[in-house]
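S.K.: sequence-free structure coming up:
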């Protein structure tokens with residue numbers, strides 16, 4: 001790039017040209033204009049946040065033309081729009097990603113440099129949007145990126161949470177939750193559109209009345225009404241003109257201030273409705289252990305689903321298209337079970353609000369909706385107490401009951417005399433306190449049901465939704481997850497991206513299967529040297545971050561062994577801890593033993609009410625304290641926990657990893673997407689045959705994947721036969737030694753009770769079978785160490801992992817959905 005200083009004379013051309021031109025010169029002028037006219041600052045007086053906001057507005061200006069053109073093109077053509085309903089959109093920061101997708105990263109860097117500014121500082125200033133928690137939300141964000149990149153018409157619908165799930169701090173090894181105030185400095189990427197608000201009814205009662213034509217209609221008189229305000233964010237595709245919309249709803253009171261109450265001195269009462277209404281979009285995943293928490297969770301789900309469906313119906317009407325053909329113009333995807341209330345709400349809108357006959361409405365609903373299941377864990381297949389459901393959504397309970405009545409009639413006709421099957425298929429769990437089964441509602445009200453990995457889909461068919469599969473097998477298909485290479489390779493790992501482009505051209509960013517052309521280079525020693533140099537740079541960058549933030553020295557020359565994901569017992573972070581303790585004991589018993597130097601990196605949040613997961617975080621820190629302070633293992637082992645793990649931090653971690661830990665018990669993880677991000681960046685995987693691990697191993701080759709552990713059939717067989725974890729404890733001296741170290745106070749300053757709940761859960765239950773998989777895991781880790789010592793062989797395996805990872809691009813996932821479920825096609829946008 002030219003280093004000629006930017007002249008500050010105004011660029012020639014119209015105001016629109018000045019706002020959309022992509023040269024460094026034009027970007028600098030737009031930046032200074034936005035700094036002055038939007039932020040009200042001069043360059044000399046601006047804060048870092050002022051500078052970031054000015055640059056964000058400069059980039060957004062260049063999105064808006066594409067955004068408006070996209071909407072106009074969709075309105076002018078008979079297109080089918082994908083509507084993605086998701087409780088989470090874990091987008092990550094927007095600025096750098098938009099620079100990559102617009103193709104102006106280098107020009108922007110030059111513009112900032114010539115103004116005396118560092119682009120990296122401004123990128124780092126951006127707050128992580130608190131709109132998601134884990135894989136579900138990150139998948140939704142990857143899908144939005146791919147939908148736009150592939151020019152597929154789409155709208156993402158969710159909630160604009162005022163506060164994220166929480167910021168994680170670590171105090172004395174314990175997780176402490178603090179408020180995630182991600183909006184405190186503003187959000188320049190979203191446009192609030194209060195004129196496009198919708199009202200959402202809750203509570204109250206229903207009654208039946210005859211309409212003007214004598215037909216019986218249901219009138220819902222709500223107890224309260226909440227207004228949903230949309231906040232629209234453009235989601236730009238990579239090097240394309242398509243900018244789709246992510247529309248997130250915030251909740252407001254219809255009347256936010258009671259003037260009369262205030263004047264009588266009832267100051268709290270004057271704003272009570274405002275507070276109650278805004279609570280709906282206040283935080284992501286409120287604690288739902290109590291009745292109030294459950295009620296709020298259900299209210300959140302209904303709120304965003306109702307707003308979204310009302311918006312979709314409004315679009316259909318505004319285009320003068322009949323509602324009976326809604327499914328021709330919209331494909332609505334429910335991302336997991338949270339939006340399942342869409343089945344009943346769409347029926348209500350069609351039948352009650354638009355006077356459609358029931359059978360027609362049911363046909364439209366089923367042909368419009370489809371359902372992705374993301375879990376095999378029973379607690380995530382949401383069920384709501386019938387009384388709670390009816391008190392908040394009385395009309396919807398009536399609709400669910402009518403859907404269920406007709407459904408069970410069909411079941412009894414198809415399976416006469418099979419009362420148990422009818423009970424299992426019912427939308428209402430009649431055992432004890434009655435519950436509304438939301439996964440059942442989603443499955444029945446959709447024309448398509450998919451899992452997110454081959455094993456997961458098979459388990460849906462044979463276990464979780466077996467009765468629905470036997471009832472309507474044609475609905476079921478697999479759509480293995482994927483992740484976007486734009487954020488997780490081009491943005492996160494620029495060194496690797498530049499190397500790939502130099503050798504393969506830039507086409508791989510659009511078509512990840514083109515990485516297959518790397519395979520011959522896996523035997524090229526010169527290429528090996530370039531590959532390793534990039535990995536070392538990424539590790540050094542992460543090491544510097546760890547030193548700056550945690551004052552821990554992590555050696556970039558050591559193996560970076562990484563386990564970053566949400567804390568849950570089934571993900572088995574504590575199995576890795578048992579491995580670390582095994583290595584520690586080996587060195588303590590034989591200080592001369594040869595050990596491959598490793599830095600163990602952990603990251604992830606535990607749900608605030610999940611005590612065992614929080615205890616595992618404490619255990620990681622306690623083991624880290626013991627390992628990092630032991631002079632015998634200095635230079636051999638290091639344990640690091642990365643607090644407040646999020647997308648921004650992930651962009652540092654994935655490119656630096658040597659070994660990816662995917663060690664959940666077989667049959668528990670639906671898919672996983674972290675496994676894909678690691679492999680895309682050249683990490684080798686140690687894992688079980690669970691989720692997408694199976695397909696990753698098939699793609700990269702069994703010789704380039706470290707496999708251990710029981711298979712799903714073996715897990716089921718052992719549990720049927722009566723699994724006793726103490727048998728493994730009694731028969732394995734190494735396992736016994738490390739478990740005893742947890743219970744004898746060795747790692748807790750003499751406190752023998754601290755980790756007793758964890759040890760007891762392993763010895764007297766071990767639901768996730770750590771002890772059964774322990775020795776297989778240790779043996780496999782020994783194979784990892786042996787392989788890592790052979791630098792050339794490890795590099796070859798790393799290259800082949802990247803070369804063969806093309807299947808796991810979210811572009812492939814979206815193409816599969818478009819072809820098999822949504823039946824939609826690309827629409828090229830002309831500016």
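M.R.: Sure thing, it's come through. Since we're looking at a predicted model, the values are computed, not measured.
S.K.: just for the stretch 1-150 of the chain, where's the confidence low?
M.R.: 1-16 (pLDDT under 70).
S.K.: tell me the first helix or strand C-terminal of the longest strand seen in the chain.
M.R.: In the chain, assigned by DSSP state E, the strand with the most residues is strand 224-236. Toward the C-terminus, strand 224-236 is succeeded by strand 243-253 as the next helix or strand (DSSP states H and E).
S.K.: and that next one, what's its mean pLDDT?
M.R.: Taken as a whole, strand 243-253 carries a mean pLDDT of 97.
S.K.: ok, stretch 268-284 next?
M.R.: Here stretch 268-284 scores 82 as its mean pLDDT.
S.K.: what does stretch 670-686 give?
M.R.: 96.
S.K.: so how far is that stretch off the chain centroid?
M.R.: Computed by Cα atoms, centre = their mean, to the nearest Å, the separation of stretch 670-686 from the middle of its chain amounts to 15 Å.
S.K.: please apply the same query to stretch 522-539.
M.R.: On the basis of Cα atoms, centre = their mean, stretch 522-539 sits 31 Å off its chain's mean C-alpha point.
S.K.: now do the buried residues in that stretch.
M.R.: Under the neighbour-count criterion of 16 or more other Cβ atoms under 10 Å, stretch 522-539 has 522, 527, 528, 530, 531, 532, 534, 535, 537, 538, 539 buried. Placement of C-beta: from N, CA and C, glycine included.
S.K.: could I get the residues you listed as TSV with pLDDT, distance to residue 451 and secondary structure?
M.R.: Shown next, in TSV, are the buried residues of stretch 522-539 (pLDDT from 0 to 100; distance: Cβ to Cβ, whole Å; DSSP: H, G, I helix; E, B strand; the rest coil):
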residue	pLDDT	distance to residue 451	secondary structure
522	97	32	helix
527	98	38	helix
528	98	38	helix
530	98	39	helix
531	98	35	helix
532	98	38	helix
534	98	35	helix
535	98	34	helix
537	98	38	helix
538	98	33	helix
539	98	35	helix
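S.K.: looks like residue 689 contacts residue 665 (just checking).
M.R.: No - Residue 689 lies out of contact with residue 665 (Cβ atoms under 8 Å); the separation is 10.5 Å.
S.K.: now for these two: what residues contact both?
M.R.: Counting by Cβ atoms under 8 Å, 6 or more residues apart in numbering, the contacts common to residue 689 and residue 665 are residue 709.
S.K.: confidence-wise, which helix or strand of the chain is lowest on average?
M.R.: Taking mean pLDDT, DSSP states H and E as the measure, the helix or strand of the chain with the lowest value is helix 267-270, at a mean of 70.
S.K.: got the contact list for the following helix or strand past that one?
M.R.: Using DSSP H and E, the next helix or strand after helix 267-270 towards the C-terminus is helix 272-278. The contact list for helix 272-278 (Cβ under 8 Å, 6+ apart) reads 162, 224, 226-227, 250-258.
S.K.: quick check on the residues you listed: which are buried?
M.R.: Buried members of the contacts of helix 272-278, counted by 16+ other Cβ under 10 Å: 162, 226, 227, 250, 251, 252, 253, 258.
S.K.: thought the third one was touching residue 201?
M.R.: No - taking Cβ under 8 Å as the definition, residue 227 is not a contact partner of residue 201, at 11.0 Å.
S.K.: if we can go back for a sec, what residues of the longest strand of the chain count as buried?
M.R.: By neighbour count on 16+ other Cβ under 10 Å, the buried set for strand 224-236 is 225, 226, 227, 228, 229, 230, 231, 232, 233, 234, 235, 236.
S.K.: turn those residues into a markdown table, including distance to residue 380 and pLDDT.
M.R.: Shown next, in a markdown table, are these (distance: Cβ to Cβ, whole Å; pLDDT from 0 to 100):
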| residue | distance to residue 380 | pLDDT |
| --- | --- | --- |
| 225 | 30 | 96 |
| 226 | 26 | 97 |
| 227 | 30 | 97 |
| 228 | 25 | 98 |
| 229 | 29 | 98 |
| 230 | 28 | 98 |
| 231 | 27 | 98 |
| 232 | 29 | 98 |
| 233 | 27 | 98 |
| 234 | 31 | 98 |
| 235 | 26 | 98 |
| 236 | 32 | 98 |
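S.K.: what's residue 107 sitting at in phi/psi?
M.R.: Residue 107 adopts backbone torsions of phi -60, psi -40, taken as degrees, to the nearest 10.
S.K.: that one contacts residue 27, correct?
M.R.: Yes - in terms of Cβ under 8 Å, residue 107 counts as a neighbour of residue 27; the distance is 5.9 Å.
S.K.: of the two, which one has the most company?
M.R.: For residue 107 versus residue 27, neighbours defined as other Cβ atoms under 10 Å are more numerous around residue 27 (26 against 20).
S.K.: list the contacts of the more buried one.
M.R.: Neighbours of residue 27 in contact, by Cβ under 8 Å, 6+ apart: 21, 58, 104, 107, 108, 111.
S.K.: again, only this time at 7 Å
M.R.: The contact partners of residue 27, by Cβ atoms under 7 Å, 6 or more residues apart in numbering, come to 58, 104, 107, 108, 111.
S.K.: next step: these restricted to helices.
M.R.: The helices, defined by DSSP state H, take in 58, 107, 108, 111 from the contacts of residue 27.
S.K.: closest one of these to residue 188?
M.R.: residue 58 (9.7 Å; Cβ to Cβ).
S.K.: what pLDDT does the model give the spatially closest residue to residue 480 that is not a sequence neighbour?
M.R.: Computed as Cβ to Cβ, 6 or more residues apart in numbering, the closest residue to residue 480 that is not its neighbour in sequence is residue 453, at 5.3 Å. Looking at residue 453, its pLDDT is 96.
S.K.: settle this for me: residue 453 is touching residue 670, isn't it.
M.R.: Yes - here residue 453 reaches residue 670: they are 6.4 Å apart, a contact under Cβ atoms under 7 Å.
S.K.: and residue 563, how many neighbours?
M.R.: By other Cβ under 10 Å, 24 other residues sit near residue 563.
S.K.: now do the phi/psi pair for it.
M.R.: According to degrees, to the nearest 10, residue 563 has phi -130, psi 100.
S.K.: nearest spatial neighbour of it, skipping sequence neighbours?
M.R.: In space, residue 563 is closest to residue 661, 3.8 Å off (Cβ to Cβ, 6+ apart).
S.K.: need the contact list for the one you found.
M.R.: Counting by Cβ under 7 Å, 6+ apart, residue 661 makes contact with 561, 562, 563, 576, 686.
S.K.: narrow those residues to those in helices?
M.R.: Reading helices off those with DSSP H, I get residue 576.
S.K.: strands along the stretch 651-800 of the chain, start to end?
M.R.: 659-662, 684-687, 706-707 (DSSP state E, counting those that start in this stretch).
S.K.: can you give me the end-to-end distance of stretch 122-132?
M.R.: End-to-end distance for stretch 122-132, by Cα to Cα, to the nearest Å: 23 Å.
S.K.: what's that stretch in contact with?
M.R.: 48-49, 51-52, 55, 88-93, 95-96, 112, 137-138, 158, 161, 163-165, 180, 182, 185, 284, 646-648.
S.K.: what ranges do the strands span in the stretch 451-600 of the chain?
M.R.: Using DSSP E, counting those that start in this stretch, strands in the stretch 451-600 of the chain cover 476-478, 559-564, 598-603.
S.K.: quick check: the farthest pair among the ones in helices among the contacts of residue 27?
M.R.: 58 and 107 (11.2 Å).
S.K.: between the buried residues of stretch 522-539, which sits nearest residue 721?
M.R.: residue 522 (43.6 Å).
S.K.: which non-adjacent residue is nearest that closest one?
M.R.: residue 799 (4.3 Å).
S.K.: that neighbour against residue 530, yeah?
M.R.: No - Residue 799 is beyond contact range of residue 530, at 10.4 Å (criterion: Cβ under 7 Å).
S.K.: can you list contacts of stretch 460-479?
M.R.: Applying Cβ under 7 Å, 6+ apart, the contact partners of stretch 460-479 are 373, 376, 411, 414, 421, 424-425, 443, 446-452, 454, 457, 813, 816-817, 820.
S.K.: highest average neighbour count across the strands of the stretch 651-800 of the chain?
M.R.: Highest mean neighbour count of the strands of the stretch 651-800 of the chain: strand 659-662, a mean of 28 (counted as mean count of other Cβ atoms under 10 Å).
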